[in-house]
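Undergrad: Predicted model follows, preceded by the sequence.
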2 protein chains.
Amino acid sequence: MAGPTYQDIGRRAGVSTATVSRVLSGKGGVRDELARRVEATAATLGYRSNRAAKTLRTQRADAIGLVISDVENPFFASIARAVETVAAKQGYAVLLCNTDEDLDQEALYLDLLIGESVAGVIIAPSTEELGPLRQLVDAGIPTVTVDRKVAGDPFDAVLVDHRAGARGLVEHLLDHGHRHIAAIMGTTAATPSRERLAGCREAVEAVDGARLTVYEGELQDAVGATRTMGLGERLALNLLDRGRDRPTAVFCANNLLTQGALRAVRRSGRRVPDDLAVVGFDDLPFFELVDPPLTVAAQPTEQLGRLVAEVLFERIFEPGRPLEVVVVDPEIQIRASCGPHPEQLTSPSRG
Amino acid sequence: MAGPTYQDIGRRAGVSTATVSRVLSGKGGVRDELARRVEATAATLGYRSNRAAKTLRTQRADAIGLVISDVENPFFASIARAVETVAAKQGYAVLLCNTDEDLDQEALYLDLLIGESVAGVIIAPSTEELGPLRQLVDAGIPTVTVDRKVAGDPFDAVLVDHRAGARGLVEHLLDHGHRHIAAIMGTTAATPSRERLAGCREAVEAVDGARLTVYEGELQDAVGATRTMGLGERLALNLLDRGRDRPTAVFCANNLLTQGALRAVRRSGRRVPDDLAVVGFDDLPFFELVDPPLTVAAQPTEQLGRLVAEVLFERIFEPGRPLEVVVVDPEIQIRASCGPHPEQLTSPSRG
DNA sequence: CTGAAAGCGCTTACAG
DNA sequence: CTGAAAGCGCTTACAG
């Protein structure tokens, strides 16, 4: 049950535990013959490294923390997958932490991660303030934020140009003649939402006679995949009930809200785009399969996850390097949910 | 940077580290006054438990491993979410491991998890053989399988009645008059697929003149969310190209294959259900939103995740308890993808 | 190039 | 009820 230790290997191979350590950790500086003997003995005994012992001694685990709001959100699931792939390649474990955008939960998890002596943390912080992330700074733990930034840019970050994506989407609606546009936002507590909303505003303000109505939920309703979809549905229903002054098009701030809005349209017996044109932030395989296919701003989630993991490991292996902020552009996928007269959209520039 | 230890607390509170340990680990048996003093000191110093030290000493980490094929698959994402919620409540960390159904990757991860001294493992094993899971048995690590079982039932398990779900779905197709039914399987290497296929067969064999054609991919094409969807699309395209002898209905063995099949139908300009009736294993919010809404066998993913985590913790806290196998029924959601004459389906009985 | 020894921060018999 | 001490399995100065 208890596996062999360096003691066992050393005794059997006739060397000290120090030598065993030097061989098995690849430190080098050991005579070839000895090294081979140790390796053979380790293999025979079926040696498996005890990570707790190594962590306690070196004060640093071969593990990273991944702190996101909800892995059930396909956006984060895709990031999680990519992060895990990169980490596995380095021999690192990844600790999955869902916060539901709750600061207390986030603080609890960071506490746990620091107690685990993780080598680094990837986090989509729940607030733009430093907040609980101060612990990470104090503990000197390499940290990279993803999707969101922290005020003052204390960390490496891999971000998406939310503003440009949203602006591009709303410009597309305006190009189709829509002049009263709704934005379904869930909550504007998180920075991505705020930036997306700002992008909507920019687009609307650039066109005479255009206006934007914002539909927003309470924070507690925008928690969890199912709940957020429900919120999107309710908000869209509100909007559709507005009578003759109602918006003719809606911008949905993320994939969950988009799904909810689509459900509202269907359940109320309306049609996209005749009754309501729809665009959404985030792409999903399914957005291409609904009728009509949805025009969206696709975030390169797999790329985001890979990048953020790579940046983190660079920081772990070279702590002194200058801060890095990578901004990735979302890609506007024009499909058919905005009406019968699509025009070519100018590709989004950075805001 | 380095936090306070029991040494620091003990010195400051005028007690031994043994007493600090007894107080902070809640062991009890310490005089009230002392306990309070220790707690206050710990709070003042901002003590945070060093999990590596505790793990090394007790030989057991407050962490569990979650070994699934791909967290990007919504089925597993939902399970992961529920598992994480239960684990967090217990103060346990969860290590996320994606295997892509690769036995070597699975073995590597189990090795890592044992090296981490995890308290337990939740796994959707890649094969029905004991295979790499033998390591877990040898190491005496509490293990629960989810969605899949291992031959000989050496572990607690939380399973889905795949066979009944598939049978119910195919019976529904038969009720609608379909007599030539296709099954899109991805691969039948995994047990759930095989059982689902068996369910299809049972339903078809019970009806005179009905037949089943199986469309199956290579293992390497059924790996990863994107790839599996692509496979579903190709397989469905094959099927649609079959000319006049082709199946009039298709059973898709999981949500990814279903999405792929739907894409094939759309891209080839066909219609559901007129050109092809479609049913699928797994539900997704979107399956209700496509046109027509899809009839599916919904797995209670959140419940599965919660259950498997609960069973694991029961096993961890009470190793001697008898083996537990929980079987959960999928729920047939009848919508409108099978044709114009839906009839009431008899609810699936266990096979 | 190699080994003896200390120590990372806890927990737990053991003794009192 | 409390403390001194050993020890979990590694790594790493230090000495040779």
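TA: Thanks, I have it.

Undergrad: Quick check: bridge partners of the closest residue to residue A:323 other than its chain neighbours?
TA: Spatial nearest neighbour of residue A:323, chain neighbours left out: residue A:156 (5.7 Å); criterion: C-beta to C-beta, 6 or more residues apart in numbering or on different chains. Quick note: C-beta positions are derived from backbone N, CA and C, even for glycine. In this entry, residue A:156 is beta-bridged to residue A:144, by DSSP bridges.

Undergrad: Touching, residue A:156 and residue A:322? I think so.
TA: No. Contact criterion C-beta atoms under 8 Å: residue A:156 and residue A:322 do not qualify, at 9.4 Å.

Undergrad: Look at these two and report which has more neighbours.
TA: Shown here are residue A:156 and residue A:322; by other C-beta atoms under 10 Å in any protein chain shown, residue A:156 has more neighbours (23 against 5).

Undergrad: Which parts of the stretch 1-150 of chain A are strands?
TA: Ranges of strands within the stretch 1-150 of chain A are A:63-68, A:93-98, A:120-123, A:143-146, based on DSSP state E, counting those that start in this stretch.

Undergrad: The first one versus strand B:63-68: what angle between them?
TA: Orientation of strand A:63-68 against strand B:63-68 (axes from the mean of the first three to the mean of the last three C-alpha atoms, to 10 degrees) gives an angle of 70 degrees.

Undergrad: quick one: strand A:63-68 near chain B?
TA: Yes. Applying C-beta under 8 Å from any C-beta of the partner chain, one finds strand A:63-68 in contact with chain B at A:63, A:66.

Undergrad: Give me the contact list for that strand.
TA: With contact meaning C-beta atoms under 8 Å, 6 or more residues apart in numbering or on different chains, strand A:63-68 is reached by A:51, A:76, A:79-80, A:83-84, A:87, A:92-99, A:106, A:109-110, A:113, A:116, A:118-125, A:309, A:312, B:95-96, B:116.

Undergrad: Sort out which of the residues you listed are buried, if you could.
TA: The neighbour-count criterion (16 or more other C-beta atoms under 10 Å in any protein chain shown) marks A:51, A:76, A:79-80, A:83-84, A:87, A:92-99, A:106, A:109-110, A:113, A:116, A:118-125, A:309, A:312, B:95-96, B:116 among the contacts of strand A:63-68 as buried.

Undergrad: ok, which stretches of the stretch 151-300 of chain A are helices?
TA: A:162-175, A:191-205, A:225-240, A:255-267 (DSSP state H, counting those that start in this stretch).

Undergrad: which parts of chain A sit against DNA strand D?
TA: Residues of chain A lying near DNA strand D by C-beta under 7 Å from any atom of the strand: A:2-3, A:5-7, A:17-18, A:20-22, A:24-25, A:27, A:47, A:49-50, A:53-54, A:56-58.

Undergrad: Could I get the contacting residues of residue A:103?
TA: A:126-127, A:131-132.

Undergrad: now those as CSV including neighbour count, distance to chain B and pLDDT?
TA: Output for these, formatted as CSV (neighbours: other C-beta atoms under 10 Å in any protein chain shown; distance: C-beta to the nearest C-beta, whole Å; pLDDT from 0 to 100):
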residue, neighbour count, distance to chain B, pLDDT
A:126, 25, 15, 92
A:127, 17, 20, 91
A:131, 16, 16, 92
A:132, 22, 13, 94
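
Undergrad: So which of those sit within helices?
TA: Per DSSP state H, helices hold no members of the contacts of residue A:103.

Undergrad: Could you list the domains of chain A?
TA: A:6-49, A:58-161+A:301-328, A:162-299 (automatic domain parsing).

Undergrad: re the thing from before, are any of the residues of chain A next to DNA strand D buried, and which?
TA: For the residues of chain A next to DNA strand D, a neighbour count by 16+ other C-beta under 10 Å gives the buried set as A:5-6, A:20-22, A:24, A:47, A:49-50, A:53-54, A:56.

Undergrad: coming back round to it: show me which of the contacts of residue A:103 is closest to DNA strand D.
TA: residue A:132 (29.3 Å; C-beta to the nearest atom of the strand).

Undergrad: how about the closest one, what does it touch?
TA: Applying C-beta under 8 Å, 6+ apart to residue A:132 gives the contacts A:103, A:106-107, A:110.

Undergrad: Pretty sure residue A:144 is one of the things residue A:158 touches, is it not?
TA: Yes. In this structure, residue A:158 is within contact of residue A:144 by C-beta under 8 Å, at 6.5 Å.

Undergrad: what touches both of those two?
TA: A:308, A:311.

Undergrad: Quick one: residues contacting the residue of the stretch 251-351 of chain A found nearest DNA strand C.
TA: Here the stretch 251-351 of chain A gets closest to DNA strand C at one residue, residue A:319, 19.2 Å apart by C-beta to the nearest atom of the strand. Shown in contact with residue A:319 (C-beta under 8 Å, 6+ apart): residue A:142.

Undergrad: What does the pLDDT read for it?
TA: Confidence at residue A:319, expressed as pLDDT, is 92.

Undergrad: Helix, strand or coil: sort out it for me.
TA: Under DSSP: H, G, I helix; E, B strand; the rest coil, residue A:319 falls in the coil class.

Undergrad: So it versus residue B:256, what's the distance?
TA: Distance of residue A:319 to residue B:256, given as C-beta to C-beta, to the nearest Å: 40 Å.

Undergrad: Repeat that for residue A:264.
TA: Residue A:264 is 26 Å from residue B:256, by C-beta to C-beta.

Undergrad: between these two, who's got more neighbours?
TA: residue B:256 (29 against 22).

Undergrad: For the spatially closest residue to that one that is not a sequence neighbour, the count of nearby residues, please.
TA: Excluding the flanking residues, the one nearest residue B:256 by C-beta to C-beta, 6+ apart is residue B:228, at 4.0 Å. Using other C-beta under 10 Å, residue B:228 has 26 neighbouring residues.

Undergrad: Sort the contacts of residue A:132 by pLDDT and name the bottom one.
TA: residue A:103 (93).

Undergrad: who are the neighbours in contact with residue A:294?
TA: So residue A:294 contacts A:258, A:262, A:278-280, A:287-288, A:335, A:337 (C-beta under 8 Å, 6+ apart).

Undergrad: redo that, cut-off 6 Å
TA: A:287, A:335, A:337 (C-beta atoms under 6 Å, 6 or more residues apart in numbering or on different chains).

Undergrad: For residue A:177, which residues are in contact?
TA: Residue A:177 touches nothing, counting by C-beta under 6 Å, 6+ apart.

Undergrad: measure it to residue A:201 for me?
TA: On the measure of C-beta to C-beta, residue A:177 and residue A:201 end up 19 Å apart.

Undergrad: Next: residue A:31.
TA: For residue A:31 relative to residue A:201 (C-beta to C-beta), the value is 70 Å.

Undergrad: between the two, which one's more packed in?
TA: A direct count of neighbours by other C-beta under 10 Å for residue A:31 and residue A:201 places residue A:201 higher, at 17 against 11.

Undergrad: what's around the closest residue in space to the more buried one that isn't next to it in sequence, how many residues?
TA: Counting by C-beta to C-beta, 6+ apart, residue A:201 lies nearest to residue A:212, which is 6.2 Å off, once chain neighbours are set aside. Neighbour count for residue A:212, taken as other C-beta under 10 Å: 17.

Undergrad: check contacts around residue A:212.
TA: Contact analysis of residue A:212 by C-beta under 6 Å, 6+ apart lists A:181, A:200, A:204.
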